[in-house]
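J.: Build me a model from this:
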Amino acid sequence: MQYEFLAQIYDELMAQVDHAEWADFMMRMVKEQGEDPIHILELGCGTGNITKELLLMNYEVVGIDVSDEMLDIAREKTERFGNRIILINQDITMLDFEVYEIDCVLAANDTFNYITDQEKMKSLLDYLYPRIKKGGQLVFDISSEWKLKNVLENNTFGESFDDMVYLWENFYNEEERILTMEINIFSKEGDHYRRDTETHRQRAYSEREMIRMLEEVGFQNIQVFGDFVQSKPIEQAQRIFFSCVK
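T.: Numbers count the residues shown, from 1 in each chain. Here you go, the predicted structure:
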């Protein structure tokens, strides 16, 4: 199961990320495309880093994630916001709810890369579209194909903490456009270390194919930005943002 063991150190891995800036950038894209929303559906909310920032902006958020372990951490972070936050454990490729008139849907930090089957991606977009209100927005980001192929491919990363060490190896399949991440986490237990292993897989989506899927579903005013800069070309951007309207 993804993020079963990695959830333990995820926030430490993301410690240098400015989630307030990330959330602000995404909401600026939302508001430039239409009205400022009240209710936000956040897909792949993880440990609630973006979620908390949205709540601090006074939005109401429903966060969905497949990992119980990540959601447990998110609950601790967002408990003080009371009934303005609902957290749900579901796989976003198998969503099961009948709420309509959603103001806005957000998906940050590689959530859509984890959908490795293009047909499942298309099915998710098909599912979301009728549930977003007319004029509502879908805003998301992906790690770019350039990043998966040129930054992560065949590279190994690692870091040590007080009682834990992780080793992160990456292998890219050019034909399938799939990055496989083998993550080994060594946790200190007395005089020994316990080893836990997770395998994560992400798919590289090009700007063109993502736009095509959005258009086929019916989304309009599709805007694309790279690396948190709305005017920057995306040819070698590591992160690509998409903003569109129903």
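J.: Where does pLDDT dip in this structure?
T.: Residue ranges of the chain with pLDDT under 70: 1-11, 13-14, 230-233.
J.: in it, which spans are helices?
T.: Under the criterion DSSP state H, the chain carries helices at the ranges 10-13, 19-33, 49-56, 68-78, 118-128, 145-147, 207-217.
J.: can you pull out the strands in this structure?
T.: For the chain, the strands defined by DSSP state E occupy 39-43, 60-65, 85-89, 102-107, 132-143, 156-160, 164-173, 178-189, 192-203, 220-226, 239-245.
J.: residues in contact with the first one?
T.: The contact list for strand 39-43, computed with CB atoms under 8 Å, 6 or more residues apart in numbering, reads 50-51, 54, 59-64, 92, 102-108, 111, 140. All C-beta spots, glycine's among them, are computed from the backbone N, C-alpha and C.
J.: measure the residue sitting furthest away from the middle of the chain to residue 167 for me?
T.: Ranking residues of the chain by C-alpha distance from their mean position (CA atoms, centre = their mean) puts residue 191 at the top, at 36.7 Å. Using CB to CB, to the nearest Å, residue 191 is found at 20 Å from residue 167.
J.: Repeat that for residue 175.
T.: Residue 175 sits 26 Å away from residue 167, taking CB to CB as the criterion.
J.: Looking at those two, which is more packed in?
T.: Between residue 175 and residue 167, counting by other CB atoms under 10 Å, residue 167 is the more crowded of the two (16 against 5).
J.: who's the more buried one bridged to?
T.: Beta bridges link residue 167 to residue 158, residue 184 when assigned by DSSP bridges.
J.: same check, this time on the one 5 residues further on
T.: Per DSSP bridges, residues listed as beta-bridge partners of residue 172: residue 179.
J.: so it makes contact with residue 155?
T.: No - using CB atoms under 8 Å, residue 172 is not in contact with residue 155; the gap is 9.6 Å.
J.: Compare neighbour counts for those two and give me the winner.
T.: It is residue 172, of residue 172 and residue 155, that has more neighbours when counted by other CB under 10 Å, with 20 against 12.
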